[in-house]
Each structure stands twice: as structure tokens, then as C-alpha cells.
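K.L.:
Below is the sequence, then the predicted model.
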Amino acid sequence: MPAISRYRLVALSLALSVALVACKGGGEQQQQGGPGQVTVVTLKTEAVTLTRELAGRATGYQVAEVRPQVSGIVAKRLFTEGSVVKAGEPLYQLDDASYRAQANSARAQLARAEATANAARLAARRSSELVKSKVISVQDDENAQAAWKQADADVLAARASLDAANVTLGYARITAPISGQIGKSSVTQGALVSAGQAEPLATINQLDPIYIDVTQSSAELLQLRRELAAGRLEGASELPVDIVLEDGSTYAHKGTLEFSEVSVDPSTGSYSLRVRVENPDQVLMPGMFVRAVLGSGVRPNALLVPMQGIARDAKGNTSAMVVDAEGKVAARPVTVSRTIGDKWLVEDGLKAGDKVIVEGLQKIGPGMPVQATEKGAEAAKPAAAPAAAPAAKQ
């Protein structure tokens with residue numbers, strides 16, 4: 001083939017390639033110039049419960065430290081450490097020989113006083129008959145009547161002494177003041193204990209129900225009161241409280257807020273709250289660290305935006321891309337306060353009915369026309385039937 005013909009073929013091939021590239025580029029430019037595809041979420045107002053997660057520790061519903069009320073030697077321990085005891089159940093028996101002797105002595109003194117009172121009563125009756133016949137003087141009769149009354153008073157005093165001796169004797173048998181789970185014993189058989197000693201013999205905790213003590217900042221309390229006064233929040237004091245355990249799991253039983261402290265701790269700037277929780281299986285133990293999720297209020301007309309619809313710049317400012325009434329993209333500065341699940345709670349910048357773009361943000365910019373599809377609408381459409389396979393050639 002001549003060289004001129006080869007050059008013509010090469011030039012023709014180059015021309016065709018350039019034409020194809022130009023056509024392809026023009027098609028891409030035309031496609032890029034059309035409306036972009038985005039997915040939006042149309043905002044709606046809804047009632048949202050605002051919660052606050054606070055750290056706290058579990059404490060016994062009732063705590064009693066067992067201490068002796070009389071001194072003596074521990075003769076016997078009557079409970080099993082770590083067991084559940086009932087109120088009034090005996091825990092320790094002290095050596096009560098001396099206290100029993102005192103009770104017996106008081107009982108004998110009472111019997112003597114009663115005998116003396118009986119004799120004085122009979123003498124007073126005889127005296128009252130003799131004074132009528134003037135056998136004895138009036139003064140002698142008055143002395144007999146006074147002796148009778150004094151003997152009766154001695155009986156009352158002796159009976160009180162016996163009661164006191166019996167009370168002291170009863171203290172030698174130390175009983176449980178409350179029902180609950182008892183811990184380890186600090187003394188053993190043969191130990192000497194004293195009335196009013198500093199160290200308790202054992203500690204009893206009532207664990208069902210149980211208290212969760214948490215603290216909250218006073219600044220948060222002031223903010224909550226301002227929102228309640230402005231009508232943006234409704235009270236939520238009766239809402240149940242969720243308890244989160246140390247391993248991150250949620251406790252099966254919900255709690256109730258019992259009370260809030262009336263004063264603020266000046267060293268921490270916080271105040272205390274107490275939550276009551278049922279604890280039938282005794283999963284919660286005194287001293288355990290937990291977190292309480294308390295409802296701080298109900299926002300009746302809240303706006304929630306998916307997290308992917310909110311952008312944050314280097315300065316920390318937040319914004320959202322919305323589709324306006326003309327089908328174009330518009331940037332909106334937005335103020336958000338907290339996360340609720342996978343959404344942001346909007347405080348300012350958006351309103352109900354706004355269409356916030358949540359997908360396709362990388363291909364759009366402010367002022368661009370877009371074709372919006374509501375999130376979840378594509379999943380609701382039936383899937384298209386697959387195209388029929390071409391017939392095989394014979």
C-alpha cells in the first residue's frame with residue numbers, strides 16, 4: 001500500500017477517535033447539567049422525652065449496724081454469715097449469768113415488797129375499825145394508812161426494778177433490728193463486747209428494694225426550670241428510670257425517683273437525687289457503680305433530624321442542606337442540642353415540613369436543582385421484573 005494511503009487511514013482514525021471523545025464528553029456534561037438525585041427526610045414534629053444519664057451508686061434501702069447494748073462474753077453466734085435474717089431473729093447470745101442473777105434478785109425484792117404491802121393493808125383495815133370505837137387514836141390510824149400506801153409504792157418500785165433487770169437480761173440475746181442480708185461477723189465465740197462500742201458486730205442491709213443515689217449539676221437544674229417555665233418542656237417526674245449496669249446492660253427493673261435534695265453541695269455545685277429500684281434477685285449490691293437514665297422533661301413539638309443530614313465545619317458550626325419549594329438545594333445554619341438515638345434534636349434553623357437531604361450530599365451544592373426522593377420510598381416500591389433472556393440463535 002502506498003505511503004500516502006497509509007497516512008490517510010491514520011488521519012481518518014484519529015479524526016474518528018476525537019469525534020467519539022467529543023461526543024462522550026458532551027454526553028457527560030449534559031448528564032451532569034441535569035438535576036441530581038438525592039434522598040430527603042421530611043421533618044415532622046413529635047413528642048420526645050429528654051433524658052439525662054447520671055452516675056451513681058447503690059445503697060441499701062435500710063442499713064442497720066448490730067451493736068451490743070450490754071457488756072459480756074459472746075457465748076454463741078446464732079446466724080450464718082451472708083444469709084437473710086428476719087427482724088427479731090436472734091444473732092448472738094452473751095453470757096447472761098450475772099444478768100439472770102440480778103433479775104432473780106429483783107424478783108425476790110418484789111415478792112418481799114408485796115408481802116409487806118399485804119401486811120400493811122391488813123393493819124390499816126384493823127386500824128380503821130379500831131379508831132371508830134376509839135380504841136386507838138386518830139394519829140395511830142393515820143400512821144397505819146400511810147404505812148399501807150408506802151408499802152404499795154414499794155411494790156411498784158420493786159416491780160419496776162424487776163422489769164429493768166429483765167430488759168437487761170433480754171439485751172444479752174442480741175436480735176436483728178431489721179430484715180435483710182447480714183454480712184460477716186466481726187467477733188467470734190468467746191470475744192468480749194462492750195455496750196456502745198464503736199465497731200459493729202455485723203451489718204444488715206435490706207436489698208429489696210434498693211436505692212440508687214446520683215448527683216446532678218445545679219446548672220442543669222436551672223436550665224431545666226427555665227425550659228419548664230417557658231413552656232418548651234413538660235414535667236417528667238413520674239417517668240420510670242432506667243438503670244444501666246457496669247457492663248453496659250440495662251437492668252430488668254425500672255426505678256422511680258423518690259426525692260431530690262433541697263440544698264446544693266458547695267464543694268461540687270451539685271445536688272443529690274435518690275431512685276428506688278426493685279431488686280428481687282439482688283443483682284444490685286450496696287456500693288455498686290451504676291448509671292441512671294432519668295427523664296428530665298417531655299418536648300411536645302420536637303424536631304429530630306438524622307445525623308447524616310447535619311454537617312459540622314471546622315469552627316463547630318452546624319448546617320443542613322434542604323430542598324426548597326423550587327426543587328433547588330439551600331444551605332441552612334442549624335442549632336442542635338443533643339442526640340436522641342441516631343438523630344439530632346433541632347433547637348433552631350429548621351421547621352416542620354422542611355426536606356432535609358440525607359443522601360447524595362457529595363454531588364450537590366447550594367442553588368443546584370435536584371430530584372428528591374423521600375427516604376424509605378424506594379424500599380416501598382415493588383422490585384422491577386428482570387428482563388427476559390434473549391432467545392438462543394439456532
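P.N.:
Received the coordinates, thanks. The structure displayed is predicted, hence computed values, not measured ones.
K.L.:
the longest helix in the protein is where?
P.N.:
helix 97-132 (DSSP state H).
K.L.:
Tell me the helix or strand right after the least confident helix or strand in the chain by mean pLDDT.
P.N.:
The least trusted helix or strand in the chain, going by mean pLDDT, DSSP states H and E, turns out to be helix 3-33, with a mean of 42. On the C-terminal side of helix 3-33, the closest following helix or strand by DSSP states H and E is strand 36-42.
K.L.:
Identify the neighbouring strands of that next one in the sheet and state each direction.
P.N.:
Strand 36-42 has the following strand partners under DSSP bridges: strand 355-359 (antiparallel), strand 370-374 (parallel).
K.L.:
Let me see the residues that make contact with it.
P.N.:
305-306, 309, 322-323, 329, 353-361, 363-364, 368-375, 378 (Cβ atoms under 8 Å, 6 or more residues apart in numbering). Just so you know, the C-beta spots here come from the backbone N, C-alpha and C atoms, and that holds for glycine as well.
K.L.:
Restricted to buried residues, select the residues you listed in ChimeraX.
P.N.:
Filtering those down to the buried ones (16 or more other Cβ atoms under 10 Å) takes a single ChimeraX command:
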select :305,309,322,323,329,354,355,356,357,358,360,361,364,370,372,375
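K.L.:
what about Gly170, is that helix, strand or coil?
P.N.:
Using DSSP: H, G, I helix; E, B strand; the rest coil, the structure places Gly170 in helix.
K.L.:
any idea whether Asp281 is helix, strand or coil?
P.N.:
Relying on three-state DSSP, one would call Asp281 coil.
K.L.:
neighbours around it, how many?
P.N.:
Residues lying near Asp281 (other Cβ atoms under 10 Å) number 10.
K.L.:
Ok, Ala292 next?
P.N.:
Around Ala292 there are 25 residues (other Cβ under 10 Å).
K.L.:
Which strands and helices lie in contact with the host helix or strand of it?
P.N.:
Assigned by DSSP H and E, Ala292 falls within strand 289-306. When contacts are defined as 3 or more Cβ pairs under 8 Å, 6 or more residues apart in numbering; DSSP states H and E, strand 289-306 sits against strand 45-66, strand 202-217, helix 218-230, strand 242-244, strand 270-277, strand 329-340, strand 343-348, strand 355-359.
K.L.:
Beyond that strand, next helix or strand please.
P.N.:
strand 311-312.
K.L.:
Just the residues contacting the helix or strand that that following strand is followed by, thanks.
P.N.:
Using DSSP H and E, the helix or strand that follows strand 311-312 towards the C-terminus is strand 318-323. Contact with strand 318-323 is made by 38, 40, 305, 309-313, 329-336, 349-350, 354-357, 361, 364, 366, 370, 372, as judged by Cβ under 8 Å, 6+ apart.
K.L.:
Let's see that with 10 Å instead.
P.N.:
For strand 318-323, the external contacting residues (Cβ atoms under 10 Å, 6 or more residues apart in numbering) are 38, 40, 42-43, 305, 309-313, 328-336, 344, 346, 349-350, 354-358, 360-361, 364-366, 368-372.
K.L.:
Against Pro209, how distant is the residue nearest to the spatial centre of the chain?
P.N.:
Centroid check for the chain by Cα atoms, centre = their mean gives Ala292 as the closest residue, at 4.0 Å. As judged by Cβ to Cβ, to the nearest Å, Ala292 and Pro209 stand 14 Å apart.
K.L.:
Any chance of JSON lines for the helices and strands packed on strand 289-306, columns distance to Ala172 and mean pLDDT?
P.N.:
Formatted as JSON lines, these follow (distance: least, Cβ to Cβ, whole Å; pLDDT from 0 to 100):
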{"stretch": "strand 45-66", "distance to Ala172": "14", "mean pLDDT": "87"}
{"stretch": "strand 202-217", "distance to Ala172": "17", "mean pLDDT": "89"}
{"stretch": "helix 218-230", "distance to Ala172": "51", "mean pLDDT": "67"}
{"stretch": "strand 242-244", "distance to Ala172": "43", "mean pLDDT": "90"}
{"stretch": "strand 270-277", "distance to Ala172": "37", "mean pLDDT": "86"}
{"stretch": "strand 329-340", "distance to Ala172": "61", "mean pLDDT": "88"}
{"stretch": "strand 343-348", "distance to Ala172": "65", "mean pLDDT": "88"}
{"stretch": "strand 355-359", "distance to Ala172": "77", "mean pLDDT": "89"}
